[in-house]
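Engineer: give me coordinates for this.
(one chain, ligands or ions: 1)
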Amino acid sequence: MQLYYNPLSSSARRVMMVAAHLDAPLEMRLVTNMLEPAQRAELLRVNPNAKVPVLVDGEFVLWESYAIMQYLAEKTPGQTVYPADLQARMDVNRWMFWNAQHWAPALSIFNWENHIKRWLGMGGADPAAIARGQTEVARFGAVLDAQLKDRQWVCGDALSLADFTLAAPLADMEESGMPVTGYANLMAWFARVKELPAWKATQPAV
Ligand SMILES: N[C@@H](CCC(=O)N[C@@H](CS)C(=O)NCC(=O)O)C(=O)O
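Structural biologist: Residues are numbered from 1 along each chain as shown. You can find the predicted model right below:
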């Protein structure tokens, strides 16, 4: 199996963490610059959205990080991060969808305004966007913090795909000034995630 990735992509990072945790055999295909015409053309051959991550397993091509995570788990005998029990599995799915719809978009406002824009030389943060980000993170951060009040991991006592999913967009929380440090349960959980071998093994070198 091959995985197209970029080291700064949180979508690729969550897949890479799952692959590392499951010890899934992946041949890594680095896409250094998704805007560079030759690399973009190569990416477009496997994903019409020209985005990473993309998994290629023989003739089967799969894009969308959440689908790839589930696919890797399903292919791994004895895995425990994507439970077989229907309700436990739907709980994991719930947090994966919640991340896609609410959590990652809220955090990405800070990533874009305070980090990427500066990195690209696009000027300072837009105060209106930051204000909107603060409202969104306050709303959804409180939900995640409450979920983690009596739980070691997001879905209970066992590490799951939900943890890899929700932690990935926090990777650059400091550089991006994400307003999450006030959430004690969330920060304690994130510290646990950062101790996982899968987190450490997928830390970008840059
Ligand atoms: N919903 C997609 C999001 C993928 C995505 O947005 N990838 C970003 C990097 S995090 C990307 O490739 N951006 C390049 C572009 O949009 O041109 C997933 O979960 O895989």
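Engineer: how close does Gly177 get to Ala125?
Structural biologist: Per C-beta to C-beta, to the nearest Å, Gly177 is found 8 Å from Ala125. Where you see a C-beta, it was placed from the backbone N, CA and C, and this is true even at glycine.
Engineer: any part of stretch 170-182 near the ligand?
Structural biologist: No: using C-beta under 6 Å from any ligand atom, stretch 170-182 stays clear of the ligand, coming no nearer than 10.9 Å.
Engineer: give the contact list for the residue nearest the centre of the chain.
Structural biologist: In the chain, the centroid-proximal residue (C-alpha atoms, centre = their mean) is Ala168; its distance is 3.5 Å. If a contact means C-beta atoms under 8 Å, 6 or more residues apart in numbering, then Ala168 has Ser10, Ser11, Arg13, Arg14, Met17, Ala104 as its contacts.
Engineer: ok, residues contacting the element among helices and strands of the chain having the smallest mean pLDDT?
Structural biologist: Within the chain, no helix or strand scores below helix 117-119, which has a mean of 90 by mean pLDDT, DSSP states H and E. By C-beta under 8 Å, 6+ apart, the residues outside helix 117-119 that reach it are Gly123, Gly124, Ala125.
Engineer: quick one, which of those residues are buried?
Structural biologist: Neighbour counting with 16 or more other C-beta atoms under 10 Å marks Ala125 as buried within the contacts of helix 117-119.
Engineer: how much space between Val46 and Leu62?
Structural biologist: 9 Å.
Engineer: do Ala84 as well
Structural biologist: From Ala84 over to Leu62 (counting by C-beta to C-beta), the distance is 21 Å.
Engineer: those two: which is more packed in?
Structural biologist: Higher neighbour count among Ala84 and Leu62: Leu62, with 19 against 9, using other C-beta atoms under 10 Å.
Engineer: helix, strand or coil: sort out the more buried one for me.
Structural biologist: Taken by DSSP: H, G, I helix; E, B strand; the rest coil, the conformation at Leu62 corresponds to strand.
Engineer: quick check: it touching Leu55?
Structural biologist: Yes: between Leu62 and Leu55 there is a contact at 4.6 Å, judged by C-beta atoms under 8 Å.
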